[in-house]
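Peer 1: Below is the sequence, then the predicted model.
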Amino acid sequence: MHPILNDIRLVSFDLDGTLVDSVPDLAVAVDASLGELGLPAAGEVRVRDWVGNGSLKLMERALTFAQGGPPDRELLVRAHEAFLEHYGRDPGSRTCLYPGVRECLDALRARGLTLTLVTNKPFAFIRPILAQFGIDQHFSLCLGGDSLSQKKPDPAPLLHVAAHFDQPPGACLMVGDSRHDVAAGRAAGFRTLAVPYGYNHGEPIRDSQPDALVDSLAELV
Ligand SMILES: O=C(O)COP(=O)(O)O
Ligand SMILES: [Mg+2]
């Protein structure tokens, strides 16, 4: 086991960019929504840098790109509704589990740790994606970006999870791919572990100074 797991009882995983590469499906839904509004497609490479602050922010970034400036509220609401509809129709067919994820989850559960999922993705999409890979049963609690009034980088979702399972934050680990995961984990008093292969707005995750960094979640176990 990786030394960062010493005395850890609960692990909170990020979803997009940490457990699954979901950008191919996100990009299709973003581009379909832009197209419906008569705007040009953004493409997967751009969408990759826009994921991490939830679906509303994703569409705000997409509209800002497509129109060359920030959208007004009404357009943003329409675009977001279109995104939720398109993504909801097919949130997983192009999405893959990253290497090492399944082994990591199996081993941590076998060790008796409580596993939770804290994503900024809307809650409704979490279970279908986890179920598609048969890993939904590993998670004792899942929170989406719309589950509480605050989302990462705010520590509230992590503090909620720790309190729910009656664990002190020092016995908890946040595992994620973005600076928002590291910031939320640090602010909550969790230990932080990052992976470099996900989505971090084009920046190296090392710059966020997580407590540990692994190339694959298989290295954790
Ligand atoms: O929906 C997002 O913006 C990203 O979600 P994540 O928190 O699972 O990376
Ligand atoms: Mg992420």
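Peer 2: Good, I have the coordinates. Numbering: from 1, shown residues only. Ligands and ions are numbered 1, 2, ... in the order given.

Peer 1: Phi first, then psi, for residue 94.
Peer 2: phi -110, psi 10 (degrees, to the nearest 10).

Peer 1: Residue numbering should commence at 169 henceforth.
Peer 2: Taking 169 as the first residue, the last one we looked at is residue 262.

Peer 1: Identify the residues contacting residue 262.
Peer 2: 192-193, 196 (C-beta atoms under 8 Å, 6 or more residues apart in numbering). C-beta here means a position set from N, CA and C on the backbone, and glycine is covered the same way.

Peer 1: sorry, that was for residue 296
Peer 2: Contacts of residue 296 (C-beta under 8 Å, 6+ apart): 259-260.

Peer 1: which element is it on?
Peer 2: Using DSSP states H and E, residue 296 falls within helix 294-300.

Peer 1: Tell me how far the helix or strand that comes right after that helix lies from the chain's centre.
Peer 2: Per DSSP H and E, the first helix or strand lying C-terminal to helix 294-300 is strand 309-311. Taking the mean of its C-alpha atoms, strand 309-311 sits 12 Å from the chain's own mean (C-alpha atoms, centre = their mean, to the nearest Å).

Peer 1: burial count for whichever residue of the chain sits closest to ligand 2?
Peer 2: Closest contact between the chain and ligand 2, by C-beta to the ion, is at residue 185 (3.7 Å). Neighbourhood size, residue 185 [other C-beta atoms under 10 Å]: 24.

Peer 1: Same question for the one 3 residues further on.
Peer 2: Applying the criterion other C-beta under 10 Å, we find 23 residues in the vicinity of residue 188.

Peer 1: List the contacts of it.
Peer 2: 263-266, 269, 297, 301.

Peer 1: one more time with 10 Å
Peer 2: Counting by C-beta atoms under 10 Å, 6 or more residues apart in numbering, residue 188 touches 260, 263-266, 269, 287, 289, 297-298, 300-301, 303, 366.

Peer 1: farthest pair in those residues?
Peer 2: 300 and 366 (18.5 Å; C-beta to C-beta).

Peer 1: Same drill for these two, tell me which one is more crowded.
Peer 2: It is residue 366, of residue 300 and residue 366, that has more neighbours when counted by other C-beta under 10 Å, with 25 against 15.

Peer 1: The more buried one is in contact with residue 191, isn't it?
Peer 2: Yes - between residue 366 and residue 191 a contact is recorded at 9.3 Å, counting by C-beta atoms under 10 Å.
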